[in-house]
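K.L.:
Sequence unavailable; structure follows:
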Ligand code: NAP
């Protein structure tokens with residue numbers, strides 16, 4: 001079968017670290033072009049915008065939109081209207097209305113749209129969902145603590161309106177819990193701390209409820225030393241720990257064997273399957289939970305952030 005000709009849009013850290021290697025190893029896709037305001041992608045024609053690529057570039061069947069979320073909606077509309085399959089990096093957009101509109105257009109169009117919550121493709125996620133199913137939940141705790149200076153150097157968009165701040169990684173935790181827990185989550189309360197010179201939060205504490213069980217989350221962007229991306233699910237039959245963002249899983253402290261698949265190769269294999277089956281996957285649940293936190297959360301001020 002012919003490979004899907006794909007263009008990458010927004011050439012930055014995640015494109016180089018994950019999208020390019022996953023696509024180069026895939027039998028289903030071929031990278032044929034790229035678009036980015038300043039950066040280039042070696043080996044393929046790169047245009048300064050998706051509009052220019054669609055007008056003057058090689059024929060593409062699909063696009064992966066990997067620019068910051070504030071800049072994605074316009075390109076998603078362009079791609080959908082041009083009849084291209086669309087993969088949106090997480091978070092798909094920076095407003096719920098835009099994400100809902102993309103979903104509505106996807107349902108009408110004869111193309112695939114995929115909101116790619118990459119953490120859901122971590123090897124521990126499906127085994128964790130299967131283990132939790134049918135057990136009585138007692139308590140869920142999330143700790144997502146990383147050093148923004150290490151993981152997001154120079155990414156000023158994160159601190160601007162619509163940049164998500166600490167929710168940029170935190171939304172990955174929410175994408176996992178909303179996939180592995182059987183019932184929907186409802187925000188009870190939240191506290192979001194905004195540096196006095198930033199438009200997005202640097203740390204946050206959240207409490208959700210799911211089927212009557214409390215879910216507590218702590219997000220921290222100033223964690224030095226060991227970095228933590230962990231979720232603990234206490235049940236009537238033991239405690240599951242998902243660690244390293246879903247790369248590891250333990251039950252009552254005993255490490256569990258996991259499938260060898262890596263996140264982005266699995267994510268692109270799923271995108272290929274969606275295209276082959278003529279389906280879309282436009283879940284917005286993690287974005288909705290973040291929107292709830294921004295709506296209901298108490299706002300506190302933190303010291304200015306200086307990179
Ligand atoms: P990044 O390193 O800042 O790269 C984003 C790139 O987008 C920039 O290099 C910039 O390209 C380009 N860009 C900016 N405005 C644009 C526009 N209007 N149209 C097209 N391209 C534009 O950020 P990143 O870490 O790759 O993150 C990008 C997205 O991926 C975010 O939504 C993030 O949450 C997600 N993500 C990141 C990671 C990670 O570990 N970094 C992991 C998973 C997902 P120029 O250089 O050409 O200006």
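P.N.:
That came through fine. Note that the structure is predicted; figures quoted are calculated from it, not measured.

K.L.:
near the ligand, which residues of the stretch 51-200 of the chain show up?
P.N.:
Residues of the stretch 51-200 of the chain found near the ligand (C-beta under 6 Å from any ligand atom) are 66-69, 71, 89-90, 118, 155, 168. C-betas here are computed from N, CA, C, even on glycine.

K.L.:
Let me see the ranges of the strands in the stretch 51-200 of the chain.
P.N.:
Along the stretch 51-200 of the chain, counting by DSSP state E, counting those that start in this stretch, strands occupy 62-65, 85-88, 113-115, 137-145, 186-195.

K.L.:
Wait, residue 247 touches residue 124, no?
P.N.:
Yes - between residue 247 and residue 124 there is a contact at 6.7 Å, judged by C-beta atoms under 8 Å.

K.L.:
Neighbour count for the two, which is higher?
P.N.:
residue 124 (26 against 14; other C-beta atoms under 10 Å).

K.L.:
was I right about that one contacting residue 249?
P.N.:
Yes - between residue 124 and residue 249 there is a contact under C-beta under 8 Å: 3.9 Å.

K.L.:
Looking from the ligand, tell me which residue of the chain is nearest.
P.N.:
residue 12 (1.7 Å; C-beta to the nearest ligand atom).

K.L.:
burial of that residue, as a residue count?
P.N.:
So residue 12, with other C-beta under 10 Å, has 16 neighbours.

K.L.:
same check, this time on residue 302
P.N.:
17.

K.L.:
ok, it - contacts?
P.N.:
193-196, 202-203 (C-beta atoms under 8 Å, 6 or more residues apart in numbering).

K.L.:
Drop anything exposed from these.
P.N.:
193-195, 202-203 (16 or more other C-beta atoms under 10 Å).

K.L.:
Reformat the residues you listed as TSV; add distance to residue 211.
P.N.:
TSV is the format used below for the buried ones among the contacts of residue 302 (distance: C-beta to C-beta, whole Å):
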residue	distance to residue 211
193	29
194	32
195	35
202	31
203	27
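
K.L.:
Next, format the residues you listed as TSV and append pLDDT.
P.N.:
Below are the buried ones among the contacts of residue 302 laid out as TSV (pLDDT from 0 to 100):
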residue	pLDDT
193	98
194	98
195	98
202	98
203	98
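
K.L.:
right, so of the strands of the stretch 51-200 of the chain, which gets closest to residue 77?
P.N.:
strand 85-88 (9.7 Å; C-beta to C-beta).

K.L.:
next one: that closest one to chain centre, how far?
P.N.:
Strand 85-88 sits 13 Å away from the centroid of its parent chain (C-alpha atoms, centre = their mean, to the nearest Å).

K.L.:
what are the pairing partners of that strand, and which direction each?
P.N.:
Strand pairing for strand 85-88, determined by DSSP bridges: strand 62-65 (parallel), strand 113-115 (parallel).

K.L.:
got these as TSV, with mean neighbour count columns?
P.N.:
Converted to TSV, these look like this (neighbours: other C-beta atoms under 10 Å):
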stretch	mean neighbour count
strand 62-65	26
strand 113-115	25
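
K.L.:
And these: which comes nearest residue 183?
P.N.:
The nearest among the strands paired with strand 85-88, by C-beta to C-beta, is strand 113-115 at 20.9 Å.

K.L.:
now that closest one: mean pLDDT?
P.N.:
What strand 113-115 shows for mean pLDDT is 98.

K.L.:
Kindly report the same for stretch 245-261.
P.N.:
For stretch 245-261, the per-residue pLDDT averages 96.

K.L.:
and the end-to-end length of it?
P.N.:
Start to finish, the residues bounding stretch 245-261 are 14 Å apart (C-alpha to C-alpha, to the nearest Å).

K.L.:
circling back: anything in contact with each of residue 124 and residue 249?
P.N.:
Common neighbours of residue 124 and residue 249 (criterion: C-beta under 8 Å, 6+ apart): 242, 256, 258.
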